[in-house]
Each structure stands twice: as C-alpha cells, then as structure tokens.
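Chemist: Task: produce atomic coordinates for the following.
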Amino acid sequence: MLSVFLRTVLSHRASGFALREVQSGTGYVDVAVVISGTLHLVEVKILTSTIKGAAQLNSYMKRENRPTGWLLAFDTRSPSPKRQPIPKRILVPSGVVRVITIDACQVPPSRLRDHTAA
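Modeler: All right, here's what the predicted structure looks like:
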C-alpha cells in the first residue's frame, strides 16, 4: 500500500516516482523512491520483539551505493514500561539507516484509564 500511495503522490510530479520490490543483488528492496534523481531505499518491517532489517538494508545500500536507507517499522509490541525504545538512527557499515516507527499496538480506549493510572 505504501508503494501505491507513493506512486499516486509522485505521479503528479515530474521529478519523482516509486517502485516496489526492486531487485538488489540476491534480495528485493521493499520500496524504492526516486525524488529529483536521488534514490531512496525503504525497507518495511513488522516489529514483534527486537528491531530487524538494518543489516538487510545495509546490504542494499552497499550494492546501490547509497549512504542512507529508510526502515519503516510497524511496532506491534504490547505497551509496557519494559519495552525497549526504538532508535531513530542506526549506524551500519554503508552509512545510516533512518528509522520511522508507527505504533501499531495502541492501548484500546476502554483500557486507557487503567493504563494512565499506572
């Protein structure tokens, strides 16, 4: 859905386009976005425990000679004070992976009062 959205948004601009599942070596980058001639590599992951995808993205960045990659993480972990925070940037040998996190495990409104009292 992300690639469909990006294609629609960028279709009205002469300087950009988006592709999905672009082959890079033996793997496939989830989404590739080109804006003003600059390639952006985006890997999408569903986070259930620890963050994953940085090493995979690093190999794509190396093959495509890109110093920056984007990791879109849907955080499905249960809300808990013990939950490890997700970094905004991860340094990898090829450069920097910028992390965008979407909290996909919100507290239901019926339990919100109990959750804020703790």
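Chemist: Strands along this structure, start to end?
Modeler: Remark: strands assigned in the chain by DSSP state E are 16-24, 27-35, 38-47, 68-75, 89-92, 95-103.
Chemist: Let me have the ones you listed in TSV, extended by mean neighbour count and mean pLDDT.
Modeler: For glycine as for every other residue, the C-beta is placed from the backbone atoms N, C-alpha and C. Listed next are the strands of the chain as TSV, based on neighbours: other C-beta atoms under 10 Å; pLDDT from 0 to 100:
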stretch	mean neighbour count	mean pLDDT
strand 16-24	16	67
strand 27-35	19	75
strand 38-47	18	86
strand 68-75	20	91
strand 89-92	14	96
strand 95-103	17	91
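Chemist: Redo those as a markdown table? Include distance to A54.
Modeler: Output for those, formatted as a markdown table (distance: least, C-beta to C-beta, whole Å):
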| stretch | distance to A54 |
| --- | --- |
| strand 16-24 | 15 |
| strand 27-35 | 14 |
| strand 38-47 | 8 |
| strand 68-75 | 6 |
| strand 89-92 | 5 |
| strand 95-103 | 5 |
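Chemist: nearest to N58, of the ones you listed?
Modeler: With C-beta to C-beta as the measure, strand 89-92 is the member of the strands of the chain nearest N58 (3.8 Å).
Chemist: Name the nearest residue to G95, sequence neighbours excluded.
Modeler: Once flanking residues are discounted, G95 sits nearest to P67: 3.6 Å by C-beta to C-beta, 6 or more residues apart in numbering.
Chemist: these two touch, right, the one you found and V97?
Modeler: No. Between P67 and V97 there is no contact under C-beta atoms under 8 Å: 10.5 Å.
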